[in-house]
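Participant: Task: produce atomic coordinates for the following.
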Amino acid sequence: MLVLLPPSETKRGGGDGPSLCLDALSFAELDPLRKQLVDELVELSGDVSASRAALGLSPRQDAEIDRNAGLWSAPTTPAWHRYTGVLYDALDATSLRGAAAARAAGRLVIGSALFGLIRATDPIPAYRLSAGSALPGRPALAARWRPPLEPVLAALARAELVVDLRSGPYAALGRLPGAV
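Facilitator: Numbers count the residues shown, from 1 in each chain. Predicted coordinates:
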């Protein structure tokens, strides 16, 4: 059984892993769109006003734009340590040891507006992009993610039971037939 989690708007900064390497992420077939989106966010970060509008940020959140500017060079940490908030606080991945950690690592996947689908242990940098974000001059994220993401999700669902806990906007990035 796999549990498909939503990401979190809030993310822990820092990390002690190397900079972002798409080859280190699961589901390599998603890498072409991942690269496009990372490049687009880095470019967008050069225009603070456009970034605020596209990402729904206030001036107090300009640090999020700075995070996006450094996506290719920022340190990484496993996704389940990167995301914060109620769900991830309750998961408390740092407390898992031995067999429990191995089971969780093998069964938890996360739907992401930037990375599509990642395993809980995949190393990612801090970033800001939500499923409802509208990148200037680009189609909606759901329209961009569905073609590469839905075959990956369908293959997962054929292989085992998937419990889909994503919220509506993240579920719209890629439909998952037969999920619970």
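Participant: Do you have the helices of the chain handy? List them.
Facilitator: 31-44, 48-55, 62-69, 79-82, 86-91, 98-107, 141-159, 168-171 (DSSP state H).
Participant: To Gly116, which of the ones you listed lies closest?
Facilitator: Counting by CB to CB, Gly116 lies closest to helix 141-159 out of the helices of the chain; the figure is 5.0 Å. Every residue, glycine included, has its C-beta placed from N, CA and C.
Participant: Tell me the confidence at the spatially most central residue of the chain?
Facilitator: The structure's the chain has its C-alpha centroid closest to Ser112; by CA atoms, centre = their mean the separation is 2.8 Å. If you check Ser112, the pLDDT there is 97.
Participant: what about the residue lying closest to Gly70 once chain neighbours are set aside, neighbour count?
Facilitator: Using CB to CB, 6 or more residues apart in numbering and skipping the chain neighbours, the partner closest in space to Gly70 is Pro125 (7.5 Å). Pro125: 24 surrounding residues under other CB atoms under 10 Å.
Participant: I'd say Pro125 and Ala79 touch.
Facilitator: No. Here Pro125 lies out of contact with Ala79, judged by CB atoms under 8 Å, at a distance of 10.4 Å.
Participant: and stretch 77-87, how far apart are its ends?
Facilitator: Taking CA to CA, to the nearest Å, the first and last residues of stretch 77-87 lie 18 Å apart.
Participant: which other residues reach that stretch?
Facilitator: 5-12, 14-17, 76, 88, 91, 93-94, 104, 108, 110, 112, 118-126 (CB atoms under 8 Å, 6 or more residues apart in numbering).
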